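In: Please work out how this folds:
(chains A and B)
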2 protein chains.
Amino acid sequence: MNKIGKLQDHLKENSVDAAFITNPDNVFYFTGFKSNPHERLLGVMIFSGAEPFLICPQMEIPDAEAAGWKGQVIGHTDTENAMEILFDAAQEKMAQIQTLAIEKTHMIVERYDAINEFFGTPKIVGIDEKVNAMRVIKDGSELEILREAAALADYAIEVAAKTIREGITEIEVMTEIELSLKRRGVTHMSFDTTVLTGDHAASPHGKTGDRKLQKGDLVLFDLGVVHRGYCSDITRTLALGEPGEEQKKVYNIVLEAEMAAVNAVKPGVTAAELDGIARNVITEAGYGEYFTHRLGHGLGISVHEFPSLHGSNDMKMEAGMVFTIEPGIYVPGKVGVRIEDDLAVTEDGVEILTKYPKELQIINN
Amino acid sequence: MNKIGKLQDHLKENSVDAAFITNPDNVFYFTGFKSNPHERLLGVMIFSGAEPFLICPQMEIPDAEAAGWKGQVIGHTDTENAMEILFDAAQEKMAQIQTLAIEKTHMIVERYDAINEFFGTPKIVGIDEKVNAMRVIKDGSELEILREAAALADYAIEVAAKTIREGITEIEVMTEIELSLKRRGVTHMSFDTTVLTGDHAASPHGKTGDRKLQKGDLVLFDLGVVHRGYCSDITRTLALGEPGEEQKKVYNIVLEAEMAAVNAVKPGVTAAELDGIARNVITEAGYGEYFTHRLGHGLGISVHEFPSLHGSNDMKMEAGMVFTIEPGIYVPGKVGVRIEDDLAVTEDGVEILTKYPKELQIINN
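Out: Alright, predicted model coming up:
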């Protein structure tokens, strides 16, 4: 059954008249139309008992149709009140919406107020959990796209390994990686490509800059591509020339933690258990305080989606879930290492989507 | 007076106890710290009568401090309830917040619900208009940065003019432009660089693709850079070889409309009047139905901010406002032309920040 049909069933079962989906990633999921509307209104109104419609800026209607949306499209221009147009269009489908579902993690308060005004303070319920539960299990065609996206991330690390040399800057390496991907048809990265070298890598959210690579540096790459609407996300830490003893030690602890968590993935294990498996390895090695973030995050249309792999999430893994595992150790001013793979849960274990080697690669370009 | 001090005065005058600012662009405006927190909580709590604090993911604290934020920073980790930590920190500053200001155009319903829960349903007011009113008037140092950002946009069009030739694809041209900017230190574009050729340009939000440029094409470039936290945004339509008569005709109508609006900019004129001046030129030439969007938009930390230049906005222009003027004509399947400048309102007129020539450039590479 198609995605809109599944959501309609859910609405019927829960006596919800309609769901207004406005998160652009969710609009893409249900309609195939990917657009960043900035402050303009973009959404799909899905009724329990009527045909859905898409609402978007007037000038994007041809793009929505070109993207394959076959249903009704309502346009609005910059001088019109888009929420009023939404209400008028909804009324034609259903005279009185008594219960309306919205994405509480996306809708802004201004639109929430406008909905209450135009729709006469309907009962508002959240649809986030249901949409997340749908999106969290990838079907076969989504998995195929995610495999391709991961292969492009692997390729980017191959380019990185060929590009690093003494004296080149982080930004120059980043540029070469992105240029190589563009030559393979990649038009968007899934987030800002990160290249961090030496002690610079010890900030897990450090910014790529003008620092020049030096022999003996560990160089951390964190990047991903958007491919046919889906994201990949890989981290590798490469050595430029022979690294020092503490760098090697930290690297191998992170690698052990990463592989322990990866090998534990199968249906039934919880997110918290996976986080704990990696964290225990790092804590027992004496670096627990330097692993300052969660183990990983779901991956799909969004680069950060469900499930969230952190220590207090008891969600059980199921076949079709796709997420990252990415432990790291960041000793301020000294050393930063992170290793990240994209994984899919299978019926009896795990498929690792990113395939670039994880043993410490010592690069002598 | 500094920006936080100005906002505190506004809170006092309006008997608002505190404002919780979460729009990342506004957080940058008040703190100097630019960060994309994804789904994590980032915000600055500004009290009418106490010192402000920044709340951000634990691992970003060093980055916030490196960005120059001298005030208190509260961190939260992925396993904690960030809204509870926010509430606890706020309580230490002020035992009871009775009236709290939020950005209604940014805060999501989920956080709004959490604020009501933790803070005991305070009176909630919107602070959007005040922050927009502050941001809409640029000071001297902001104008200087915007001039530099515009000069980089001009440079990008120069590169575009040198790069286009018969047979090159839109994506290849885009890549060359972005690579040239990266060599000048540009790390972020302010939005996806658009290169559209021939009838492809007739969709005002068309996507750059594999189409090859042909002699006689008009090629539309829409792009901008982020420079020291501020955006530029330029559109030029260049001719590759001699264009046809209708293309030239449409180009010159758009140029006349653009210049008429630009020349009318001065303190006191309204956004609607400017929109009307450009629209009249196009309508009288018989192409009114093909100018399908507003005249322009404010520009600053965000690539789309206030003022919005559309036909029903009676906001009066004031010295220090910076915005785009970008009329266009899009005849589906035939021809698309847009010309866009970035402008600053001065005490007695206008300063045009983007300086690339606007007369039709016929490129014979």
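
In: Quick check: residues of the stretch 1-150 of chain A near chain B?
Out: Counting by CB under 8 Å from any CB of the partner chain, the residues of the stretch 1-150 of chain A close to chain B are A:35, A:38-39, A:57-60, A:62-63, A:77-79, A:102, A:104-110, A:112-113, A:124, A:126, A:128. Quick note: C-beta positions are derived from backbone N, CA and C, even for glycine.

In: contacting residues for residue A:208?
Out: A:170-171, A:174, A:192-196, B:187 (CB atoms under 8 Å, 6 or more residues apart in numbering or on different chains).

In: hang on, residue A:54 in a strand?
Out: Yes - if the criterion is DSSP: H, G, I helix; E, B strand; the rest coil, then residue A:54 is within a strand.

In: circling back: can you convert the contacts of residue A:208 into CSV and add a column each for secondary structure and distance to residue B:137?
Out: Listed next are the contacts of residue A:208 as CSV, based on DSSP: H, G, I helix; E, B strand; the rest coil; distance: CB to CB, whole Å:
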residue, secondary structure, distance to residue B:137
A:170, helix, 36
A:171, helix, 33
A:174, helix, 36
A:192, coil, 30
A:193, coil, 35
A:194, strand, 35
A:195, strand, 38
A:196, strand, 38
B:187, coil, 27
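
In: Any of the residues you listed buried? List them.
Out: Neighbour-count burial within the contacts of residue A:208 applies to A:170-171, A:174, A:193-196, B:187; the criterion is 16 or more other CB atoms under 10 Å in any protein chain shown.

In: Among the residues you listed, find me the one that's closest to residue A:214.
Out: Nearest to residue A:214 out of the buried ones among the contacts of residue A:208 is residue A:170 (CB to CB; 11.7 Å).

In: So which other helices or strands are in contact with the host helix or strand of residue A:144?
Out: Residue A:144 belongs to helix A:140-163 when assigned by DSSP states H and E. Applying 3 or more CB pairs under 8 Å, 6 or more residues apart in numbering or on different chains; DSSP states H and E, one finds that helix A:140-163 contacts helix A:170-183, strand A:218-223, strand A:225-227, strand A:230-231, strand A:234-240, strand A:341-345.

In: and residue A:92, which of those is closest to it?
Out: That would be, of the helices and strands packed on helix A:140-163 and by CB to CB, strand A:230-231, which comes in at 34.4 Å.

In: Was I right to think residue A:143 contacts residue A:322?
Out: Yes - assessed by CB atoms under 8 Å, residue A:143 is found in contact with residue A:322 at 7.3 Å.

In: which residues are common contacts for these two?
Out: Counting by CB under 8 Å, 6+ apart, the residues touching both residue A:143 and residue A:322 are residue A:344.

In: Compare these two and say which one has the larger neighbour count.
Out: residue A:322 (26 against 17; other CB atoms under 10 Å in any protein chain shown).

In: Could you report the separation of that one from chain B?
Out: Shown here: residue A:322 relative to chain B, a distance of 17 Å by CB to the nearest CB, to the nearest Å.

In: Repeat that for residue A:308.
Out: Separation of residue A:308 from chain B (CB to the nearest CB): 7 Å.

In: Surely residue A:83 is in a helix?
Out: Yes - with three-state DSSP as the criterion, residue A:83 is located in a helix.

In: dump the residue contacts of it.
Out: By CB under 8 Å, 6+ apart, the neighbours of residue A:83 are A:41, A:111, A:114-115, A:118.

In: switch to 10 Å and redo it
Out: A:41, A:55, A:76, A:110-111, A:113-115, A:117-119 (CB atoms under 10 Å, 6 or more residues apart in numbering or on different chains).

In: Same question for residue A:49.
Out: Residue A:49 touches A:8, A:11-12, A:17-18, A:93-94, counting by CB under 10 Å, 6+ apart.

In: ditto for residue A:173
Out: Contacts of residue A:173 by CB under 10 Å, 6+ apart are A:159-160, A:163-165, A:193, A:195, A:197, A:208, A:213, A:219, A:221.

In: which among these end up buried?
Out: By 16+ other CB under 10 Å, these give A:159-160, A:163-164, A:193, A:195, A:197, A:208, A:213, A:219, A:221 as buried.

In: Could you list the residues of the stretch 201-350 of chain A in contact with chain B?
Out: The stretch 201-350 of chain A comes close to chain B at residues A:202-210, A:272, A:275, A:292-295, A:297, A:302-305, A:308-313, A:328, A:330, A:332, as judged by CB under 10 Å from any CB of the partner chain.

In: Filter these down to the ones in strands?
Out: A:297, A:305, A:308-309, A:328, A:330 (DSSP state E).

In: and the gap between residue A:99 and chain B?
Out: 15 Å.

In: show me the contacts for that residue.
Out: A:11, A:14-19, A:48, A:122-125.

In: from the residues you listed, which is closest to chain B?
Out: Nearest to chain B out of the contacts of residue A:99 is residue A:124 (CB to the nearest CB; 8.0 Å).

In: Got the domain ranges for chain A?
Out: Taking automatic domain parsing as the criterion, chain A consists of the domains A:3-135, A:140-363.

In: most packed of those?
Out: domain A:140-363 (a mean of 20; mean count of other CB atoms under 10 Å in any protein chain shown).

In: The ones in strands among the residues of the stretch 201-350 of chain A next to chain B: which two are farthest apart?
Out: So, these by CB to CB: farthest apart are A:305 and A:330, at 24.4 Å.

In: Kindly provide the distance from the residue of chain A most remote from its centre to residue A:117.
Out: Relative to the mean C-alpha coordinate of chain A, counting by CA atoms, centre = their mean, the farthest residue is residue A:95 (37.7 Å). Note on residue A:95: its distance to residue A:117, by CB to CB, to the nearest Å, is 18 Å.

In: Residue A:295 contacts residue A:339, correct?
Out: No - look at residue A:295 against residue A:339 with CB atoms under 10 Å: they stay out of range, at 11.6 Å.

In: Give me the common contacts of the two.
Out: Counting by CB under 10 Å, 6+ apart, the residues touching both residue A:295 and residue A:339 are A:257-258, A:325-328.

In: The residues of the stretch 1-150 of chain A next to chain B in helices, which ones?
Out: A:62-63, A:109-110, A:112-113, A:128 (DSSP state H).

In: okay, those in a markdown table with pLDDT next?
Out: Below are those laid out as a markdown table (pLDDT from 0 to 100):
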| residue | pLDDT |
| --- | --- |
| A:62 | 90 |
| A:63 | 90 |
| A:109 | 97 |
| A:110 | 96 |
| A:112 | 97 |
| A:113 | 96 |
| A:128 | 96 |
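
In: I'd like those as TSV, with distance to residue A:317 appended.
Out: Shown next, in TSV, are these (distance: CB to CB, whole Å):
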residue	distance to residue A:317
A:62	42
A:63	37
A:109	35
A:110	38
A:112	34
A:113	39
A:128	20
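
In: which of these lies closest to residue A:151?
Out: residue A:63 (28.0 Å).
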